[in-house]
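Trainee: Dropping the sequence and predicted coords here.
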Amino acid sequence: MAERKVGDICGSSASTTSDDHPKDTLDLKPEDGDPESPEAQKDQDLKSVLVTSVLNLEEIDVDLYRGTHHWVPRTQRLFGGQIIGQALVAAAKSVGDNLYAHSLHCYFVRAGDPKVPVLYQVDRIRDGRSFTVRSVRAIQHGQPILICQASFQMLQPSPLQHQFTMPAVPPPEDLLTAEELIRLYLSKPDLAEKYKLGLNKLLAIEVPIEIKPVNPPVFYKVTASEPKNLFWVRARGYIGEGNMKLHCCVAAYVSDFALLGTALLPYPGYRAQFAASLDHAMWFHSTFRSDEWMLYECESPWAGGSRGLVQGRLWRRDGVLAASCSQEGVLRVKPVTRPSKL
Ligand SMILES: CCC(=O)SCCNC(=O)CCNC(=O)[C@H](O)C(C)(C)COP(=O)(O)OP(=O)(O)OC[C@H]1O[C@@H](n2cnc3c(N)ncnc32)[C@H](O)[C@@H]1OP(=O)(O)O
């Protein structure tokens, strides 16, 4: 991958190898230049809704922010990834320019209400020499819906560096997007009306994430499989080299997409009657661009007691491990009358 010019990054460069670290600010405004110019307007038009809206918090007071919603799942609970991403934005706003997000741990303690905004109250737990920790409460109706701790570190290179090897899969150019797969399925002449309805509803949803399943029959649970899933994922729209803190917030949003469902893959004879993320932990390992295709490798090492443990690894196309995450969720299921025909 050609080395890219360094953008405002979480204290570290946007490139894959350079080690110069420019100032870092969590500036969500359009990049420099004449905001009226056609190029800036084009960028603004193409700018990801995640940047212009979902992760663009309104400052209410010192360390108090308000977030709005863009897309809400059919469960009509706020999407967990949105709350995590917004909480990380709030935490990052009070962190110095030479620090970058390296981990977050959170619990989802109440369902998010899509009818009202979310307030994010940041507590400045500690500013250490190398590590800075923030605690964030996402609040609705006066009650926490999420409690999150996030940690930021100075860049401190080390000779200890290793990672697993990225799975060998077809590149995104050789695969179809979820929308293309749904249109392909809708084109089948013998498709039952009720499936058409459901699939058209899926097409109508404006999810600010693009995905390309590596193995669609597994991704859509048409066949039973081991609890492993692979798909390419990126934020819709343009974000640019911008700022690594912002890319971490977008990756936090993305990381909760389709993750918990990995634990259901071996059970096509069951469907979730109630499924919700209980907690979510994430670690950021290297620089990456969340508006470029990354491979999301998901697996579930364990399920039981109406819970499922799922883990994910986000890989850059050049094989560098960008981020890892772990999550446990409630999974209450009931038998389906017939397996999904997707
Ligand atoms: C992609 C995944 C996501 O984004 S999920 C969104 C992020 N996560 C969340 O919103 C979870 C937030 N946390 C919570 O809502 C609560 O802490 C949860 C996890 C529900 C636990 O609260 P708790 O008061 O103990 O609820 P609960 O487990 O008793 O009931 C929760 C809902 O489940 C139902 N339930 C209960 N037992 C069963 C059962 N045996 N079979 C089927 N359903 C069951 C309850 O009726 C209850 O449903 P409801 O909420 O009343 O509609």
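Mentor: That came through fine.
Trainee: check contacts around Phe257.
Mentor: Residues near Phe257 by CB atoms under 8 Å, 6 or more residues apart in numbering: 81, 207, 209, 211, 233. Every C-beta, even on glycine, is put in place using the N, C-alpha and C of the backbone.
Trainee: and those residues, which are buried?
Mentor: 81, 209, 211, 233 (16 or more other CB atoms under 10 Å).
Trainee: So which of the contacts of Phe257 sit within strands?
Mentor: Of the contacts of Phe257, the ones assigned to strands by DSSP state E are 209, 211, 233.
Trainee: residues touching whatever residue of the stretch 101-250 of the chain ends up closest to the ligand, list them.
Mentor: Proximity to the ligand, evaluated over the stretch 101-250 of the chain using CB to the nearest ligand atom, is greatest for Phe108 at 3.6 Å. Taking CB under 8 Å, 6+ apart, we find Phe108 in contact with 80, 83, 145-146, 276-280.
Trainee: Now go through these and say which are in strands.
Mentor: Those of the contacts of Phe108 lying in strands (DSSP E): 145-146, 276-280.
Trainee: nearest to Arg289, of those?
Mentor: Relative to Arg289, the closest of the ones in strands among the contacts of Phe108 is His280; by CB to CB it sits at 21.9 Å.
Trainee: per-residue pLDDT, the closest one?
Mentor: As predicted, His280 sits at a pLDDT of 98.
Trainee: ok, it - how many residues close by?
Mentor: By other CB atoms under 10 Å, 27 other residues sit near His280.
Trainee: Please shift the residue numbers so they start at 207 in all later answers.
Mentor: From this message on, residue numbering opens at 207, which makes the last subject His486.
Trainee: Tell me which helix or strand the residue nearest to it when sequence neighbours are not counted sits in.
Mentor: The shortest distance from His486 to any non-neighbouring residue, by CB to CB, 6 or more residues apart in numbering, is to Gln533 (4.6 Å). According to DSSP states H and E, Gln533 maps onto strand 527-541.
Trainee: same check, this time on Arg316
Mentor: Judged by DSSP H and E, Arg316 forms part of no helix or strand.
Trainee: In contact with it, which residues?
Mentor: Shown in contact with Arg316 (CB under 8 Å, 6+ apart): 346, 349-351.
Trainee: Could you check how far the residue of the stretch 257-406 of the chain found nearest the ligand is from Lys418?
Mentor: Closest contact between the stretch 257-406 of the chain and the ligand, by CB to the nearest ligand atom, is at Gly286 (3.1 Å). Distance of Gly286 to Lys418, computed by CB to CB, to the nearest Å: 22 Å.
Trainee: Quick check on these two: which one has the bigger neighbour count.
Mentor: Gly286 (29 against 25).
Trainee: Hmm, Ser483 and that one touching each other?
Mentor: Yes. With contact defined as CB atoms under 8 Å, Gly286 and Ser483 form a contacting pair (4.4 Å).
Trainee: Tell me the residues that contact both of these two, please.
Mentor: The contact sets of Gly286 and Ser483 overlap at 314, 462 (CB under 8 Å, 6+ apart).
Trainee: Enumerate every residue touching the residue of the stretch 257-406 of the chain closest to the ligand.
Mentor: For Gly286, the contact set (CB under 8 Å, 6+ apart) comprises 314, 462, 482-483, 486.
Trainee: For Pro541, give the beta-bridge partners.
Mentor: Assessed by DSSP bridges, Pro541 has beta-bridge partners Tyr476.
Trainee: Run through the strands of the stretch 257-406 of the chain in chain order.
Mentor: For the stretch 257-406 of the chain, the strands defined by DSSP state E, counting those that start in this stretch occupy 264-267, 270-273, 305-314, 324-333, 337-346, 349-360.
Trainee: and the ones you listed as CSV, adding mean pLDDT?
Mentor: Formatted as CSV, the strands of the stretch 257-406 of the chain follow (pLDDT from 0 to 100):
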stretch, mean pLDDT
strand 264-267, 98
strand 270-273, 98
strand 305-314, 97
strand 324-333, 98
strand 337-346, 98
strand 349-360, 98
